[in-house]
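# Coordinates for the following, if possible.
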Amino acid sequence: MHSTAIHVGIYCLDQNAATTSTLGVYNFTRNLLAQMAALPDTDGMRVTVWVSDANVDDLPPTNPPAWMHIEHIRGSFSTGMARLWSDHVLAAKLARRVDVIYFPKGWLPLLPLGRTRSVCQIHDCISRYYLER
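Model prediction:
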């Protein structure tokens, strides 16, 4: 029997409360994950949350439900070349493991995601922030 359950990935490798210029997206992501973890059932949906050394202790829920897997990818991916590599190469590779990938920070990888669908969150002031800088 073929499963119709959706596997969703949430890409959080680049989020770091210590280096961000605004905590808005970080806090949004942390609160979203906490609210998702409080859901009683997902009708078979699976969620994988990819976190890094910079956020594994603070971003994901402490006791995720069985359907939510926290995958800790060792390393720091919030600045410099490590961030560029993770956001555009590693993210595209991770995306191929899931049906849908969600990017809370609003950036899609440059590399193709294969058949994986993607969702990007553009936060209310981030466009203005980048426009001014």
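
# Arg133: neighbour count?
The number of residues packed around Arg133, counting by other C-beta atoms under 10 Å, is 6. Where you see a C-beta, it was placed from the backbone N, CA and C, and this is true even at glycine.

# same check, this time on Ser76
Neighbour tally, Ser76, other C-beta under 10 Å: 18.

# repeat for Leu33
The local packing count at Leu33 equals 22, with neighbours defined by other C-beta under 10 Å.

# so it touches Leu59, yeah?
Yes: the pair formed by Leu33 and Leu59 meets the contact definition of C-beta atoms under 8 Å, at 6.8 Å.

# which is the next helix or strand following the biggest helix by length in the chain?
With secondary structure taken from DSSP state H, the chain has its longest helix at helix 24-37. For helix 24-37, the following helix or strand on the C-terminal side (DSSP states H and E) is strand 46-51.

# Just the residues contacting the helix or strand immediately after that next one in the chain, thanks.
Moving toward the C-terminus from strand 46-51, the next helix or strand (DSSP H and E) is strand 68-72. Contacting residues not belonging to strand 68-72 are listed as 36-37, 46-53, 56, 60-61, 64 [C-beta atoms under 8 Å, 6 or more residues apart in numbering].
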